[in-house]
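**Q** Okay, sequence plus prediction incoming.
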Amino acid sequence: MISRACTANNKVDLFQLQKARTALQTYAFEKNYEQIDLPQEVIKDLIDGVLILTEKRELIYANECARRILRQLNQERSLVNQIPEEVWHICQALIDSRHLFPNQYWLIESKVFIGNSIVFNVQARWLKLEDRDRPCLLLSIRDQCQSIKDIVNEESQKYGLTSREKEIWLLHRANYTYKQVALELCITPNTVKKHMKSIYSKQKAMLMLQEA
């Protein structure tokens, strides 16, 4: 059953936001199509970009994060809010899966790369809306780089990292090797190792404090 997120006095608390995100993340694993009715205030505050489309590529809804991502993907196109071909290709795969396997409920997940540094994680699934006869396509799009930055910002505060340690931890979180981190920051691999040792030490100290 899909969770229904409600708001009180037009304010969204963290619990409601988490419920909404959980609803979007678990939707594809439900046995049957379900009704999902998330308040506009909740959808707008989601970290992920949220798009709702018809099978004919008609855009029904896009939150602000999704519109920002569309602008990035459409930088070299005249219509900045149109659904890019690379995103629609993922939607088409979901549409085809329904025709081939009508009794199964699929979630299609893929990555879209822009250049060497920008990566978007895209998930596509079906969504049944009250006012439409046919199911729509629900897309969740996340800027992977931004997600890593958000995690690193939180962890650097939690562990009390220095500015240099935060830079190194960000690149480490992005799967850079020690040698690649050293090249990126113009420092030696030994310096990277020294900072990583300090970071792990701070992590361990925080873990011990939490378990005490």
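**A** Structure received.

**Q** On the strand side of things, show who the spatially most central residue of the chain bridges to.
**A** Nearest to the geometric centre of the chain sits Arg142, at 2.8 Å (Cα atoms, centre = their mean). When bridges are called by DSSP bridges, Arg142 pairs up with Asn121.

**Q** what about it, distance to Ala182?
**A** From Arg142 across to Ala182, the span is 29 Å (Cβ to Cβ, to the nearest Å). From N, CA and C alone the C-beta is placed, and that goes for glycine too.

**Q** just Ser97 next, same as before
**A** Using Cβ to Cβ, we find Ser97 at a distance of 44 Å from Ala182.

**Q** swap in Lys197?
**A** From Lys197 across to Ala182, the span is 15 Å (Cβ to Cβ).

**Q** Tell me which of the two has more neighbours.
**A** The residue with more neighbours, out of Lys197 and Ala182, is Ala182; 19 against 10, by other Cβ atoms under 10 Å.

**Q** Now for the more buried one: which residues touch it?
**A** The contact partners of Ala182, by Cβ atoms under 8 Å, 6 or more residues apart in numbering, come to 188-189, 191-192.

**Q** Can you say which helix or strand has it in it?
**A** In this structure, Ala182 sits in helix 178-185 according to DSSP states H and E.

**Q** now Ile199
**A** helix 189-211.

**Q** Name the surrounding residues that touch that helix.
**A** 158-161, 164-165, 168-169, 172, 178-179, 181-182, 185.

**Q** Who are the contact partners of Trp106?
**A** By Cβ under 8 Å, 6+ apart, the residues touching Trp106 are 28, 94, 97-98, 125.

**Q** Can you pull out the low-pLDDT segments for this protein?
**A** Judged by pLDDT under 70, the chain has its weakly predicted residues at 1-47, 76-81, 115-117.

**Q** 80 - rerun?
**A** 1-48, 74-82, 114-119, 144-147, 174, 212 (pLDDT under 80).

**Q** Tell me which stretches of it form helices.
**A** 14-26, 40-45, 64-73, 85-100, 144-159, 163-173, 178-185, 189-211 (DSSP state H).

**Q** Surely Gln144 is in contact with Val119?
**A** Yes: the pair Gln144 and Val119 qualifies as a contact (Cβ atoms under 8 Å) at a distance of 4.2 Å.

**Q** shared neighbours, these two?
**A** Common neighbours of Gln144 and Val119, using Cβ under 8 Å, 6+ apart, are Lys111.

**Q** what about the two, which has more around it?
**A** With neighbours defined as other Cβ under 10 Å, Gln144 and Val119 compare such that Val119 has more, 18 against 15.

**Q** which residues touch that one?
**A** Contacts for Val119 were tallied using Cβ under 8 Å, 6+ apart; they are 111-113, 143-145.

**Q** For those, which PyMOL command selects only the ones that are buried?
**A** Listed next is the PyMOL selection for buried residues among the contacts of Val119, using 16 or more other Cβ atoms under 10 Å:
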select buried, resi 112+143
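
**Q** Break this protein down into its structural domains.
**A** Following automatic domain parsing, the chain resolves into domains at 14-143, 160-211.

**Q** Would you mind giving these as CSV with distance to Glu154 added?
**A** Formatted as CSV, these follow (distance: least, Cβ to Cβ, whole Å):
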stretch, distance to Glu154
domain 14-143, 12
domain 160-211, 11
